[in-house]
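Trainee: how would this look folded up:
(2 chains)
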2 protein chains.
Amino acid sequence: MAAGLGTRMGELSSETPKGLIKVVGREILYRTMKILENQGIDEFVVITNPLYKEKFEEFLKKNNFRYRLVINNFPEKGNGYSLYLARPYISEKFVLVMSDHIYEEAFIRKALKGKGLVVDKEGKFTNMEEATKVKIENGRVAEIGKTLKEYDALDTGFFVLEAGIFEVIKKLIQEKDSLELSEIVKEAQLEVSEVSGLFWMDIDTPEDIKKAKKFLIKNAVKGSGDGVVSRYLNRKISTKISEILVDYVEPIHMTLLSFAVGIVAAFAAFFSPFVGGLLYQLNSILDGVDGEIARAAMKTSKFGGYFDSILDRYVDFFVLLALALHLNPDVWGWAVISLALFGSAMVSYSTERYKGEYFVDIYKAVPQMRYLFGKRDERALITMILCLIGKIEWIFIILAVVTHVRVLVTVHLVRKSRNS
Amino acid sequence: MAAGLGTRMGELSSETPKGLIKVVGREILYRTMKILENQGIDEFVVITNPLYKEKFEEFLKKNNFRYRLVINNFPEKGNGYSLYLARPYISEKFVLVMSDHIYEEAFIRKALKGKGLVVDKEGKFTNMEEATKVKIENGRVAEIGKTLKEYDALDTGFFVLEAGIFEVIKKLIQEKDSLELSEIVKEAQLEVSEVSGLFWMDIDTPEDIKKAKKFLIKNAVKGSGDGVVSRYLNRKISTKISEILVDYVEPIHMTLLSFAVGIVAAFAAFFSPFVGGLLYQLNSILDGVDGEIARAAMKTSKFGGYFDSILDRYVDFFVLLALALHLNPDVWGWAVISLALFGSAMVSYSTERYKGEYFVDIYKAVPQMRYLFGKRDERALITMILCLIGKIEWIFIILAVVTHVRVLVTVHLVRKSRNS
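Mentor: Below is the predicted model of the structure:
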């Protein structure tokens, strides 16, 4: 449903329909349609007004959606009338969803299992004043409206309907000049399904966009593989950076920027471990941004993940090698350094080789792995600290021990785990 | 079908029924049943004679097959009579297969798509004198027997039948005292399905076992990730070793033995690169044996593959580190050594990280990868050769270049490949 004339978005919507406003790098409608598509919905009927026709056409074509565009020449007749226009193209169970609502994937997946109007009893992310409230009786809508004093839940703008609803609409249309969706919902006494506590928002104002951005970036921090340093330090900073940059850069730019900072860190480390260590920690923080942006903006790619891992290994290696050259130790010093260099790579190897063999993330299959010390974020922080206090040799001694102990424990845990 | 009294196996079958003779570490019947089970066949009716009852019971229980054991108290009445005894337990389409025949997995997968008697027109692995020949007319069996002069194909002992066959058998049983399968096949004018050129054998003599072993070990060399050195040198030797050892050792023993040889190679390399290099090449050859034995004996495990990879990385590292310590170069020499040490690990990382991201083997998804120089077998051979001629420093110079070029090309090929 995208026939409304956005009136409160200020400049943003004077040219662009609300559904096509980009939130975190993607049109609101793109998010909803892509998630629905991934869940098996393969045809879309988009209802809009003549003013936005071309813009929607362009958007739908560009993204290869299978669609039918329906034009409501009388948007002032209400969104109930808009829905009525879709009637010729719908003969089965269908999903009705507002183009200016943003939903997290988990919401849509759960909502699709529901029936009738999907409501939220918590409204964790919702502006209560603007929300449409619902009073429920015997599992069906009894009252619906923005000004309801007593209510049980909020209307999420997401419906799972049967084609039979058009009979109700047809009857109402014959009685009235204009028709709102809420009138249909009430007349049909729609069943109610609850999906509470998950993220959904009606995007009305620029502030709403900011709020949505905050959530989507935070939600993009999939913590399963994060070490303590990431969780309590790096992510706090990287998500802020992501929030600022997400609308302007692509994930690959951040991958390359983070790599460049890492290489500069390595050069710097040879001359000044102090500066090198700081830059290495900056690289470790920036390392999270590409993934956050990619996930939040639904721009993840397999190659992106693959490429990022390879570059991380090289940054780790070059920084440590530069510190080693700076140290210029004797032959047994180099033996320890070699152990540290190799061990750093083996931590990643032993973790990621697991996925290639078992086809599941090691942190999901072997939860104890999460508490195992020695992940990249933790190694980088220790390296920085020891650089700052000038104990370079301890970086190698610690890494030479910690990394190989970690590999040993990893092998042990893998062997013990049920998947073997 | 396991009711026959093996008479030509000499000592082997005086105690053990033919189907329970171990060929390459597994009972003949285990192979067939396990492959069938993996293909979705979930219940087995095993027909044997009173002499072998306990042995089969033990075998079937130990391997957790869902089975029903049928005893033919009159094995002399022929295998047609044996089949008749299974009648009460079969009401649907079923597979009939001889317990003393060994089939490769590809054969069974293809045969299961067939109908009636599965025949082989090539008989690549079959002793023609002993084989049962089939004359085909209009896609059905016209004549069948060992002594047929004119024939079109060989009986593989594998049938895909309908329960209706028991009507034919019932009729024949009433007419005769003893009944052979071939009589049923002829009377029913069974349809014929062709599966030609794949491995199957009737195991009659100890020589047959040897022949089967040779094939199964050779077949276990899945070449997709093998470099040229493996293909043309290491595998020639490792398969011979596997043939000798497969009946006596478990894959994990060979993994550990190969690792031990690698560690000894590293120690030796420090004092004598000549000896170390030779032992390293021996490790590289032995490295293939665990996998060959595991696959040939249907004993593969995810942990086995995982563990083996980790140990290989450590052997590579320790051998190179020992050579580096032997060399005792200046600081820039150590920089090159570090590049070589890290590069060796990165070759594996960049290859195997791919599988964790794309869930498919890189050599299958990106076939050009097969021709890329720098795999473990190739690195080991070069290391040995340069050790033998005393050019240790060149090992590191070559590896420092080759490994990183390989990683670079790998990333480039991955990016270009359609999966990204």
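
Trainee: secondary structure element for A:Lys240?
Mentor: helix A:235-245 (DSSP states H and E).

Trainee: ok, residues contacting the helix or strand following that helix?
Mentor: Once the chain leaves helix A:235-245, the next helix or strand it forms, by DSSP H and E, is helix A:251-271. With contacts defined as C-beta atoms under 8 Å, 6 or more residues apart in numbering or on different chains, helix A:251-271 is touched by A:245, A:275-280, A:282-283, A:286-287, A:289-291, A:293-294, A:297, A:299-301, A:304, A:307-308, A:311-312, A:314-315, A:318-319, A:321-323, A:325-326, A:387. All C-beta spots, glycine's among them, are computed from the backbone N, C-alpha and C.

Trainee: List buried residues within those.
Mentor: By neighbour count, with 16 or more other C-beta atoms under 10 Å in any protein chain shown, the contacts of helix A:251-271 hold A:245, A:276-280, A:282-283, A:286-287, A:289-291, A:293-294, A:297, A:299, A:304, A:307-308, A:311-312, A:314-315, A:318-319, A:321-323, A:325, A:387 as buried.

Trainee: My guess is A:Ser91 contacts A:Ala163. True?
Mentor: Yes: contact criterion C-beta atoms under 8 Å: A:Ser91 and A:Ala163 qualify, at 5.4 Å.

Trainee: Now do the shared contacts for those two.
Mentor: With C-beta under 8 Å, 6+ apart, A:Ser91 and A:Ala163 have no common neighbours.

Trainee: Between these two, point out the one with more neighbours.
Mentor: Ranked by neighbour count (other C-beta atoms under 10 Å in any protein chain shown), A:Ser91 and A:Ala163 place A:Ala163 first, with 12 against 9.

Trainee: do you know how far that one is from B:Val160?
Mentor: A:Ala163 sits at a distance of 45 Å from B:Val160 (criterion: C-beta to C-beta, to the nearest Å).

Trainee: Okay, now the unreliable bits of the stretch 101-250 of chain A?
Mentor: When residues are selected by pLDDT under 70, those of the stretch 101-250 of chain A lie in A:222-224.

Trainee: show me what contacts the residue in it that chain B sits nearest to?
Mentor: Nearest to chain B in the stretch 101-250 of chain A, going by C-beta to the nearest C-beta, is A:Gly225, at a distance of 11.8 Å. Going by C-beta under 8 Å, 6+ apart, A:Gly225 touches A:351, A:361, A:363, A:375.

Trainee: Please identify which pair of those lies farthest apart.
Mentor: Maximum pairwise distance among the contacts of A:Gly225 (C-beta to C-beta): 13.6 Å, between A:Asp361 and A:Lys375.

Trainee: which of the two has more neighbours?
Mentor: Each of A:Asp361 and A:Lys375 has its neighbours counted (other C-beta under 10 Å); A:Lys375 has more, 21 against 17.

Trainee: Please name the nearest non-neighbouring residue to the more buried one.
Mentor: If the residues on either side of it in the chain are set aside, A:Lys375 comes closest to A:Gly227, at 3.7 Å by C-beta to C-beta, 6 or more residues apart in numbering or on different chains.

Trainee: Same check on A:Phe396?
Mentor: In space, and not counting its chain neighbours, A:Phe396 is closest to A:Ala340: 4.3 Å by C-beta to C-beta, 6+ apart.

Trainee: How about the backbone phi and psi for the closest residue to chain B within the stretch 51-200 of chain A?
Mentor: Closest approach between the stretch 51-200 of chain A and chain B, counting by C-beta to the nearest C-beta: A:Asn64, at 16.8 Å. Per-residue torsions, A:Asn64: phi 60, psi 30 (degrees, to the nearest 10).

Trainee: for A:Val141, same thing?
Mentor: Torsion angles, degrees, to the nearest 10, at A:Val141: phi -70, psi 120.

Trainee: can I assume it is in contact with A:Lys186?
Mentor: Yes: counting by C-beta under 8 Å, A:Lys186 is a contact partner of A:Val141 at 6.1 Å.

Trainee: neighbour count winner among the two?
Mentor: The neighbour count for A:Val141 versus A:Lys186, taken as other C-beta under 10 Å, is higher for A:Val141 (24 against 18).

Trainee: contacting residues around A:Val409?
Mentor: Counted by C-beta under 8 Å, 6+ apart, A:Val409 has contacts A:Leu372.

Trainee: Which residue comes closest to A:Thr48 once chain neighbours are left out?
Mentor: Here the residue nearest A:Thr48, using C-beta to C-beta, 6+ apart, is A:Ala2, at 4.5 Å.

Trainee: do you know how far that neighbour is from chain B?
Mentor: Using C-beta to the nearest C-beta, to the nearest Å, A:Ala2 is found at 33 Å from chain B.

Trainee: Let me know whether that residue touches A:Leu51 as I believe.
Mentor: No: A:Ala2 is beyond contact range of A:Leu51, at 11.0 Å (criterion: C-beta under 8 Å).

Trainee: related to what we said a few turns ago, could you give the angle of the helix holding A:Lys240 to helix A:251-271?
Mentor: Helix A:235-245 and helix A:251-271 are oriented at 130 degrees to each other (axes from the mean of the first three to the mean of the last three C-alpha atoms, to 10 degrees).

Trainee: just to revisit the earlier point, same for chain B: which of the buried ones among the contacts of helix A:251-271 are within range?
Mentor: With the criterion set as C-beta under 8 Å from any C-beta of the partner chain, the members of the buried ones among the contacts of helix A:251-271 near chain B are A:307, A:314, A:321, A:325.

Trainee: Out of those, list just those in helices.
Mentor: Using DSSP state H, A:307, A:314, A:321, A:325 are the members of those that sit in helices.

Trainee: tell me the contacts of the third one?
Mentor: In this case it means A:Leu321. A:266, A:341, B:335, B:338-339.

Trainee: Same question for the last one.
Mentor: Each residue near A:Leu325 by C-beta under 8 Å, 6+ apart is listed here: A:270, B:331, B:335.

Trainee: Tell me where the stretch 101-250 of chain A has helices.
Mentor: Along the stretch 101-250 of chain A, counting by DSSP state H, counting those that start in this stretch, helices occupy A:105-111, A:165-175, A:181-188, A:206-219, A:228-229, A:235-245.

Trainee: hey, which of these is tucked in deepest?
Mentor: helix A:181-188 (a mean of 21; mean count of other C-beta atoms under 10 Å in any protein chain shown).

Trainee: next one: that helix to chain centre, how far?
Mentor: 33 Å (C-alpha atoms, centre = their mean, to the nearest Å).

Trainee: what's it packed up against?
Mentor: helix A:79-85, strand A:140-145, helix A:165-175 (3 or more C-beta pairs under 8 Å, 6 or more residues apart in numbering or on different chains; DSSP states H and E).

Trainee: Is it possible to get a markdown table of those that adds distance to chain B?
Mentor: Below are the helices and strands packed on helix A:181-188 laid out as a markdown table (distance: least, C-beta to the nearest C-beta, whole Å):
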| stretch | distance to chain B |
| --- | --- |
| helix A:79-85 | 40 |
| strand A:140-145 | 44 |
| helix A:165-175 | 41 |
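
Trainee: With respect to A:Thr16, which of those lies nearest?
Mentor: Per C-beta to C-beta, nearest to A:Thr16 of these: helix A:79-85, 18.8 Å.

Trainee: what mean pLDDT does the closest one have?
Mentor: When pLDDT is averaged over helix A:79-85, the result is 93.

Trainee: hang on, the earlier thing: looking at the buried ones among the contacts of helix A:251-271, which are in helices?
Mentor: A:245, A:276-280, A:282-283, A:286-287, A:289-291, A:293-294, A:304, A:307-308, A:311-312, A:314-315, A:318-319, A:321-323, A:325, A:387.

Trainee: in stretch A:145-157, what counts as buried?
Mentor: A:145, A:151-157.

Trainee: again with stretch A:43-55
Mentor: Those would be A:44-49, A:52, A:55, for stretch A:43-55 by 16+ other C-beta under 10 Å.

Trainee: distance between the top helix by length along chain A and the chain's centre?
Mentor: Across chain A, the longest stretch assigned as helix under DSSP H is helix A:331-358. With C-alpha atoms, centre = their mean as the basis, helix A:331-358 stands 31 Å off its chain's centre.
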